[in-house]
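Student: No sequence on hand, only this structure:
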Ligand code: HEC
Ligand code: HEC
Ligand code: HEC
């Protein structure tokens with residue numbers, strides 16, 4: 001019994017030591033940029049629609065909430081609209097044309113590729129700012145599947 005307890009304790013101590021070491025090693029490696037960290041392009045303007053740190057953690061819930069408000073309750077506000085995210089977080093590729101979500105430089109992909117997150121949102125929603133459109137007042141960036149875009153691609 002005593003032998004078993006001692007063995008368990010030794011394993012526990014070893015585990016603490018190993019995880020501690022691994023964490024320190026990881027942090028050091030990240031700092032020395034041995035691990036490629038995501039390069040997150042800055043948005044336009046001074047700040048996001050909420051605190052940056054809050055956005056990092058909660059943007060997915062905000063977007064889903066906003067979507068439900070619109071699709072289920074017909075509420076169309078600009079505050080957390082996906083169209084607005086795309087407008088501010090536009091990334092220009094070569095030739096000054098905004099890149100779409102098919103380009104790894106796209107804002108939303110800067111982290112998602114790194115974190116292995118896949119979103120299907122841009123199968124329907126535009127991933128770059130829409131061309132000025134006089135009827136765009138309530139635009140949600142939604143294009144019916146199969147519709148042709150003059151800009152080509154999304
Ligand atoms: C199958 C097509 C489709 C997919 C995929 C899709 N949406 Fe939508 N989305 C729509 C349609 C249609 C509307 C309603 C447009 C309207 O009625 O104004 C909408 C509305 C929204 C709205 C509210 C309008 C706005 O921009 O404020 C948000 C936010 C939104 N979607 C987010 C998302 C997110 C986030 C994803 C991915 C997780 C996603 N959608 C995937 C079709 C889609
Ligand atoms: C008015 C312009 C604007 C709008 C609209 C906007 N953003 Fe931002 N966003 C910014 C800016 C500027 C920053 C960087 C702020 C900073 O450096 O602290 C940012 C930061 C972020 C970050 C954190 C990036 C990082 O560096 O970690 C995320 C995630 C984000 N935004 C998502 C969104 C989403 C999702 C939406 C739509 C619901 C949205 N933003 C709408 C301007 C905007
Ligand atoms: C600062 C890094 C970062 C940026 C920039 C970012 N995301 Fe995310 N996003 C994440 C992470 C990390 C997750 C996974 C969170 C989790 O699994 O809990 C995620 C998850 C999501 C999800 C939920 C996916 C699911 O399977 O439920 C949606 C929707 C989403 N992001 C939309 C967006 C959109 C749209 C943009 C660009 C406007 C964006 N994100 C930009 C880091 C980011």
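Tutor: Happy to help now that I have it. Note that the coordinates shown come from a computational prediction; the quantities given were computed from them, not determined experimentally. Ligands and ions are numbered 1, 2, ... in the order given.
Student: So is stretch 108-116 next to ligand 3?
Tutor: Yes. Contact of stretch 108-116 with ligand 3 is found when judged by C-beta under 6 Å from any ligand atom, involving 108, 110, 111, 112, 115. Bear in mind the C-beta positions are built from the backbone N, C-alpha and C, glycine included.
Student: Correct me if wrong: residue 119 contacts residue 106.
Tutor: No. Here residue 119 does not reach residue 106: they are 11.0 Å apart, not a contact under C-beta atoms under 8 Å.
Student: So if I had to pick from these two, which one is more boxed in?
Tutor: residue 106 (23 against 14; other C-beta atoms under 10 Å).
Student: Touching, residue 86 and residue 127? I think so.
Tutor: Yes. Counting by C-beta under 8 Å, residue 86 does reach residue 127; the two are 6.4 Å apart.
Student: Looking only at neighbour counts, state which of the two leads.
Tutor: residue 127 (26 against 23).
Student: so what's the closest residue to that one other than its chain neighbours scoring on pLDDT?
Tutor: Leaving aside its sequence neighbours, residue 127 sits nearest to residue 101 (C-beta to C-beta, 6 or more residues apart in numbering; 3.6 Å). If you check residue 101, the pLDDT there is 96.
Student: ok, residue 101 - contacts?
Tutor: 108, 109, 122, 127, 154 (C-beta atoms under 8 Å, 6 or more residues apart in numbering).
Student: let's see it at 10 Å
Tutor: 86, 107-109, 112, 119, 121-123, 125-128, 153-154 (C-beta atoms under 10 Å, 6 or more residues apart in numbering).
Student: Please identify which of those is nearest to ligand 1.
Tutor: residue 121 (2.9 Å; C-beta to the nearest ligand atom).
Student: thinking the closest one is in contact with residue 67, fair?
Tutor: Yes. Using C-beta atoms under 10 Å, residue 121 makes contact with residue 67 at a distance of 8.9 Å.
Student: Show me whatever sits in contact with both of these two.
Tutor: Joint contacts of residue 121 and residue 67 (C-beta under 10 Å, 6+ apart) are residue 82.
Student: That'll do, ta.
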